[in-house]
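Q: I'll drop the sequence and a predicted model, then ask my questions.
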Amino acid sequence: MNVSARRLLGWVTVVSMQLLSCGGTDVPVCPTGSCELAGSTVVKWSFNHYPEWKFESDACSDVGAFNVHVDVTNVDDPSIIESMEKGCSEGQLTFLDLPPGMYSVAVTPLDPDGAPLVGAAIAGQVLAGTSGENTEVTVNVPYTAWSRTYTGQFLFRLSWAGMSCAAALPVPVVKQTLRLTAGGAIVAATNDMGQRMDGTDPRPCRPLTEPFAQFVQGLPFGPATLLVTGTDSADVVRFQHQFDTFVGAGTFNPTFTFDVPVDAPPDTM
């Protein structure tokens, strides 16, 4: 091919590309004829999210959730309703190109048979996303909403003003006493080493460096309090504090580290 032919071919290619980009053919550049992206309205969900108790959330498997159903309803025009359902483990779903406006959100976790796991859908609110300004909302399902009964495992470690038993100051902690309240009552169960959790059973202090955390199984799911007392070799109370905490549903819960301050009696004493 000579130089003139190559130049002609290059000119034809450039013109063809310009025609395509300017809509000079029967095939549009964007499938809908508009290159504007549809607005995304993202609805996310969490279960029993309580950062004030250092509890991030329960997993779908902990509460038996298989899918999550979401309805969104336009606040100004309730006739505009959209519904979607996604696998619970996906953690979110997306509504595309909702009509403008504020929307009420209703989130319902479902079991594998499609039955709701809550007494009523959990409410939220979100503004419809627009092109270039997508929006999102996270709806937390609180522990009070579940219609089924759950129990959980409570895992914890203890430190004493930031130190392990033998290194605690002003004196080492020799014995620990634990009183756990869950489900509105003092727990009658024992921990993994057989220590009673009702506040009546002083046992040797468990080092912070132990390979496994202390734990109690089969507890009522929900808020709890743990009163921790540490005594020295003369059985004098040197450390004491009550912690607000949370027992998650199921077995695979986080391990809390409770740092007991010096001479800090609980509010209940």
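A: Alright, I've got the coordinates. Numbering: from 1, shown residues only.
Q: pretty sure Trp160 contacts Asp263?
A: No - between Trp160 and Asp263 there is no contact under Cβ atoms under 8 Å: 11.4 Å. Heads up, the C-betas are built off the backbone N, CA and C, glycines and all.
Q: more neighbours: the two, which one.
A: Taking Trp160 and Asp263 together and counting by other Cβ atoms under 10 Å, Trp160 has the greater number of neighbours (26 against 11).
Q: return the distance of the more buried one relative to Asn67.
A: Between Trp160 and Asn67 the distance, using Cβ to Cβ, to the nearest Å, works out to 46 Å.
Q: repeat for Gln242
A: Note on Gln242: its distance to Asn67, by Cβ to Cβ, is 40 Å.
Q: who has more neighbours, those two?
A: When Gln242 and Asn67 are compared on other Cβ under 10 Å, the one with more neighbours turns out to be Gln242, at 20 against 17.
Q: what is the more buried one paired to in the beta sheet?
A: Taking DSSP bridges, one finds Leu227 as the beta-bridge partners of Gln242.
Q: how near is it to Phe47?
A: When distance is defined by Cβ to Cβ, Gln242 is 26 Å away from Phe47.
Q: and if you look at Phe55?
A: Here the distance between Phe55 and Phe47 works out to 10 Å (Cβ to Cβ).
Q: higher neighbour count, the two?
A: Neighbour tally, Phe55 and Phe47, criterion other Cβ under 10 Å: the higher count belongs to Phe47, 24 against 19.
Q: near Val68, how many other residues are there?
A: Residues near Val68, counting by other Cβ under 10 Å, number 27.
Q: same check on Arg203?
A: Other residues within reach of Arg203 by the criterion other Cβ under 10 Å amount to 14.
Q: ok, the residue nearest to it when sequence neighbours are not counted - contacts?
A: Nearest residue to Arg203 in three dimensions, chain neighbours excluded: Gln195, at 4.5 Å (Cβ to Cβ, 6 or more residues apart in numbering). Applying Cβ atoms under 8 Å, 6 or more residues apart in numbering, we find Gln195 in contact with Gln176, Leu178, Asp201, Arg203.
Q: now the phi/psi pair for the third one, please.
A: Looking back up the chat, that one is Asp201. As for Asp201, its main-chain torsions (degrees, to the nearest 10) stand at phi -130, psi 80.
Q: just to revisit the earlier point, are any of the contacts of Gln195 buried, and which?
A: Buried subset of these (neighbour count, 16 or more other Cβ atoms under 10 Å): Gln176, Leu178, Asp201.
Q: contacting residues around the first one?
A: If a contact means Cβ under 8 Å, 6+ apart, then Gln176 has Leu158, Cys165, Gln195, Pro202, Arg203, Pro204, Cys205, Arg206, Val228, Thr229, Gly230 as its contacts.
Q: would you quantify the distance from Gln217 to Gln153?
A: In this structure, Gln217 and Gln153 are separated by 5 Å, where distance is defined by Cβ to Cβ.
Q: which neighbours do the two have in common?
A: Taking Cβ under 8 Å, 6+ apart as the contact criterion, the common neighbours of Gln217 and Gln153 are Thr251.
Q: and the chain, what are its domains?
A: What automatic domain parsing lists as the domains of the chain is 40-141, 151-260.
Q: can I get the ones you listed in JSON lines with mean pLDDT?
A: Supplementary listing: the domains of the chain in JSON lines, determined by pLDDT from 0 to 100:
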{"stretch": "domain 40-141", "mean pLDDT": "96"}
{"stretch": "domain 151-260", "mean pLDDT": "96"}
